[in-house]
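Asks: take a look and give me a structure for this.
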Amino acid sequence: MPIQTALPPSAASLPRAFHRLAWSNLAAQCAEQIGLAATPIVAVFALGAGAGQTGWLQTAQTMPFLALSIILGVWADQTSRQKLMACAEAVRCAALLAVLAALVAGQLSLPLLAVCGFIGACGTVAYKVAAPSLITALVERDAWATANGRIELARSVAYSAGPALGGLLVGVVGASAAFLAAAALSASAVFLLAKIGEPERAPALRRRFLSELREGAAFVAGNVLLRAIVATAVFFNIGFFVIQAVYVPYASRQLGLSATGVGITLAAYGAGMVVGALSAPKISRLLPFGRVLIVGPLCGLAASLTLCATLLVPSPWIAAAAYFQLGFGPILWVISSTTLRQAITPQSMLGRVSALISTATYGSRPLGALIGATLGGAAGARPCLVVAVAAFAIQALIILRSPAARLAKLPDHIE
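Replies: The predicted model follows:
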């Protein structure tokens, strides 16, 4: 397969059902990002939360990746992926409405924010484990990378607009408006998912849960490329969520930012993702496939060092530049690593394999948040930024030393 087919230049041939999936993804991701941005801002500015408490909130919001990914992944291989995603998104909508009701009634608390954040993250988990296999059912193989790029572009727009909109709504209109907007977007995602006609597939052979799990785990553990992807992503997510756990109180107290200012710096992350997603086809044509894979981890390391520079020069512009780097490079990683996973994994196992990888990689998010919560609560946000640099250095070293970094093109067979 030629290198340039990894990200075909046109998406005109993508079917209507896929476009509904992409639009639903945009709505769901916007709902998630508005909620994720609004939650710590409300916690800090309305409830007086510190670095340790926002870290615990971040832990609760990421724990479903560890607790539910495998269960939802097995279901995705056995049931309708479209229905699974729609149901999980409806749960997110309900959680957002619960926060809104508590705000209106004047009963909002940190424990309630944590519980609703945990419940709301179920929608994100379902998307993460079910979407890759649904894409392969809706789209022809030679357009998978294009489809992945479109999904990630939608996510990039959400990551750009969501935090800024969340911070603006909380700072100017009020927290209720932010959660109302998020709930409305989540409801629209449920509607769009309900309109997708998922192709029929042969009924899955019903086996015991542990048998299904062992088969998927053995495949991931036995594939050198997947092992490198998992290990790299684990340390990336640890480093990233150590930062996320303490960034809002750090930005408000050390950088002197308002709620709107915090949202704007966080929006630089999404802006970087948009630029990276739009640049991905050209970068893929210029570089061998393995070189595209290493761009994200290297940008992550550069971003963590850039953010550490704010310890010496407390500038919001430097913080925004760090978040831009965190968006630009890693979006290339997500597109290329997802396409690689789809190419080398049997279709009957893709849900489980996606779930196992999500459990390992996204399940490391609560670990990073927990490190941030514990260290931030004991010593403040500053040491957390240094710890994050160490995690980003490890993930860069892992991918640079792996055979995945030396791939000339996307493998066209299951290894």
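
Asks: for residue 197, the count of nearby residues, please.
Replies: Burial measure for residue 197: 11 neighbouring residues, criterion other CB atoms under 10 Å. C-beta: built from backbone N, CA, C; applies to glycine.

Asks: that one touches residue 17, doesn't it?
Replies: Yes: between residue 197 and residue 17 there is a contact at 5.7 Å, judged by CB atoms under 8 Å.

Asks: so where do the helices sit in this structure?
Replies: 16-45, 51-78, 81-105, 110-138, 144-168, 175-194, 209-222, 224-253, 259-286, 289-308, 316-344, 350-361, 364-379, 382-400 (DSSP state H).

Asks: save these as a markdown table, and put in mean neighbour count and mean pLDDT too.
Replies: Converted to a markdown table, those look like this (neighbours: other CB atoms under 10 Å; pLDDT from 0 to 100):
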| stretch | mean neighbour count | mean pLDDT |
| --- | --- | --- |
| helix 16-45 | 24 | 84 |
| helix 51-78 | 23 | 75 |
| helix 81-105 | 21 | 89 |
| helix 110-138 | 23 | 83 |
| helix 144-168 | 25 | 75 |
| helix 175-194 | 22 | 89 |
| helix 209-222 | 15 | 73 |
| helix 224-253 | 24 | 87 |
| helix 259-286 | 22 | 82 |
| helix 289-308 | 22 | 91 |
| helix 316-344 | 23 | 86 |
| helix 350-361 | 25 | 73 |
| helix 364-379 | 22 | 80 |
| helix 382-400 | 20 | 91 |
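
Asks: how about the ones you listed in a markdown table, adding distance to residue 409?
Replies: Below are those laid out as a markdown table (distance: least, CB to CB, whole Å):
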| stretch | distance to residue 409 |
| --- | --- |
| helix 16-45 | 24 |
| helix 51-78 | 28 |
| helix 81-105 | 29 |
| helix 110-138 | 19 |
| helix 144-168 | 12 |
| helix 175-194 | 34 |
| helix 209-222 | 22 |
| helix 224-253 | 13 |
| helix 259-286 | 10 |
| helix 289-308 | 5 |
| helix 316-344 | 10 |
| helix 350-361 | 21 |
| helix 364-379 | 29 |
| helix 382-400 | 17 |
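
Asks: nearest to residue 406, out of those?
Replies: Of all the helices of the chain, it is helix 289-308 that lies closest to residue 406, at 5.1 Å by CB to CB.

Asks: just list what the closest one packs against, helices and strands only.
Replies: helix 224-253, helix 259-286, helix 316-344, helix 382-400 (3 or more CB pairs under 8 Å, 6 or more residues apart in numbering; DSSP states H and E).

Asks: what's the angle from it to helix 224-253?
Replies: Inter-element angle recorded for helix 289-308 and helix 224-253: 20 degrees (by axes from the mean of the first three to the mean of the last three CA atoms, to 10 degrees).

Asks: follow-up on the earlier one: so which of the helices of the chain is nearest residue 408?
Replies: helix 289-308 (6.6 Å).

Asks: now do the closest one: distance to the chain's middle.
Replies: Chain-centre distance of helix 289-308: 16 Å, with CA atoms, centre = their mean, to the nearest Å.

Asks: go on, stretch 63-80?
Replies: Worked out by CA atoms, centre = their mean, stretch 63-80 lies 16 Å from the chain centre.

Asks: in CSV: the helices and strands packed on helix 289-308, plus distance to residue 298.
Replies: CSV is the format used below for these (distance: least, CB to CB, whole Å):
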stretch, distance to residue 298
helix 224-253, 11
helix 259-286, 13
helix 316-344, 7
helix 382-400, 6
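
Asks: need the contact list for the residue lying closest to residue 243 once chain neighbours are set aside.
Replies: Nearest residue to residue 243, sequence neighbours excluded (CB to CB, 6 or more residues apart in numbering): residue 388, at 4.9 Å. Each residue near residue 388 by CB atoms under 8 Å, 6 or more residues apart in numbering is listed here: 239, 240, 242, 243, 304, 307.

Asks: and the gap between the first one and residue 165?
Replies: So that's residue 239. In this view, residue 239 and residue 165 are 26 Å apart by CB to CB, to the nearest Å.

Asks: circling back: who wins for proximity to residue 191 among the helices and strands packed on helix 289-308?
Replies: helix 259-286 (23.8 Å).

Asks: please report how far the closest residue to residue 172 other than its chain neighbours lies from residue 267.
Replies: Spatial nearest neighbour of residue 172, chain neighbours left out: residue 260 (7.0 Å); criterion: CB to CB, 6+ apart. Between residue 260 and residue 267 the computed distance is 10 Å (CB to CB).

Asks: before we move on, what about residue 177?
Replies: For residue 177, the distance to residue 267 - CB to CB - is 17 Å.

Asks: residues contacting the nearest residue to residue 363 once chain neighbours are set aside?
Replies: Nearest residue to residue 363 in three dimensions, chain neighbours excluded: residue 66, at 3.5 Å (CB to CB, 6+ apart). Applying CB under 8 Å, 6+ apart, we find residue 66 in contact with 359, 362, 363, 365, 366.

Asks: go again using 10 Å as the cut-off
Replies: 59, 125, 358, 359, 360, 362, 363, 364, 365, 366, 367 (CB atoms under 10 Å, 6 or more residues apart in numbering).

Asks: surely the third one and residue 67 touch.
Replies: If I follow you right, that is residue 358. No: using CB atoms under 10 Å, residue 358 is not in contact with residue 67; the gap is 11.5 Å.

Asks: need the overlap of contacts for these two.
Replies: residue 125.

Asks: residue contacts, residue 188?
Replies: Residue 188 neighbours (CB under 10 Å, 6+ apart): 23, 24, 26, 27, 28, 30, 31, 89, 93.

Asks: pretty sure the fourth one contacts residue 89?
Replies: Yes: Residue 27 is in contact with residue 89 according to CB under 10 Å; the separation is 8.8 Å.
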